[in-house]
Each structure stands twice: as C-alpha cells, then as structure tokens.
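**Q** here is my input, please return the structure:
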Amino acid sequence: QVQLVESGGGLVQAGGSLRLSCAASGSIFSVNVMGWYRQDPGKQRELVASIISGGKTNYADSVKGRFTISRDNTKNTVYLQMNSLKPEDTAVYYCNADVRRTSSIATYRYWGQGTQVTVSS
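**A** Sure thing, here's the model as predicted:
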C-alpha cells in the first residue's frame with residue numbers, strides 16, 4: 001500500500017506564509033503527478049496546484065503568483081509554499097499522488113488525510 005502524510009498546516013494572519021509538505025511512502029515504483037487540492041465545508045474540492053515528475057507545474061488562477069509547488073523526487077515529497085495568504089485561502093488542504101506500484105503502467109491515485117489552513121483577517 002501507499003501512504004501520504006501531510007504536515008505544515010496551521011493558523012496564520014492575512015499576508016503571512018505557510019509551507020505544506022506531503023511525503024509518499026510504501027510500495028512505490030514511481031510517482032507521476034503530485035498535487036494539492038483544498039476544500040471548504042459545503043464546497044467541492046478544488047485543485048490548487050500540481051506538478052509532474054519532470055517539473056512542469058499547473059496552478060489555479062486564484063493562487064498564481066502567491067503559491068509555489070515543488071517536489072523532491074528522491075524523497076517522493078511534494079511541497080506547497082503559500083505566501084501572501086488571504087482569508088479566502090482558508091480550507092482543508094489535501095495532497096495527492098498518482099503512483100505506479102510496479103513496473104506495469106497501472107497508476108493509482110492516493111490522497112493524504114488533509115491539513116487545516118486557517119487565515120485570519
């Protein structure tokens with residue numbers, strides 16, 4: 001099996017910064033896409049940012065210029081540096097990873113348990 005463990009959430013004032021980390025471990029052959037999503041109660045989970053193994057990134061318009069996603073392929077870890085945080089960034093943040101568990105092409109998506117980010121005004 002594969003586990004994703006997140007860390008780094010918390011409470012911060014508007015304009016502040018937080019850095020989230022998510023480490024994948026277990027039966028891993030390779031990791032393709034890794035990403036961060038967020039979800040407010042009563043709302044759909046939305047993509048925040050994603051990054052492929054080669055380093056190409058994708059961001060939601062609402063976080064462009066403020067958030068930076070990166071990864072360390074040697075550690076199967078993805079990071080989300082969040083700067084200039086706004087109250088509307090408050091949500092539970094989830095990481096995910098598309099994992100090949102063996103040399104076959106089959107890919108499985110795994111999710112972390114979520115970490116709360118709260119931005120006060």
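**Q** residues contacting the spatially most central residue of the chain?
**A** For the chain, the residue lying nearest the average C-alpha position, counting by C-alpha atoms, centre = their mean, turns out to be residue 36 (2.6 Å). Contacts for residue 36 (C-beta atoms under 8 Å, 6 or more residues apart in numbering) come out as 20, 22, 47-50, 69, 78, 80, 93-96. Yep, even glycine has a C-beta here, placed from its N, CA and C like the rest.
**Q** just the buried ones from the residues you listed?
**A** 20, 22, 48-50, 69, 78, 80, 93-96 (16 or more other C-beta atoms under 10 Å).
**Q** can you mark which positions in stretch 38-51 are buried?
**A** Buried-residue list, stretch 38-51, by 16+ other C-beta under 10 Å: 38, 48-51.
**Q** then stretch 49-59?
**A** 49-51, 59.
**Q** the nearest residue to residue 5 once chain neighbours are set aside is in what secondary structure piece?
**A** Of all residues not flanking residue 5 in the chain, residue 23 sits nearest, at 5.4 Å (C-beta to C-beta, 6 or more residues apart in numbering). Using DSSP states H and E, residue 23 sits in strand 18-26.
**Q** related to what we said a few turns ago, for the contacts of residue 36, which one is nearest residue 3?
**A** Distance to residue 3, by C-beta to C-beta, is smallest for residue 22 among the contacts of residue 36, at 10.4 Å.
**Q** next up, the contacts around that closest one.
**A** By C-beta under 8 Å, 6+ apart, the neighbours of residue 22 are 4-7, 34, 36, 77-79, 95, 97, 112.
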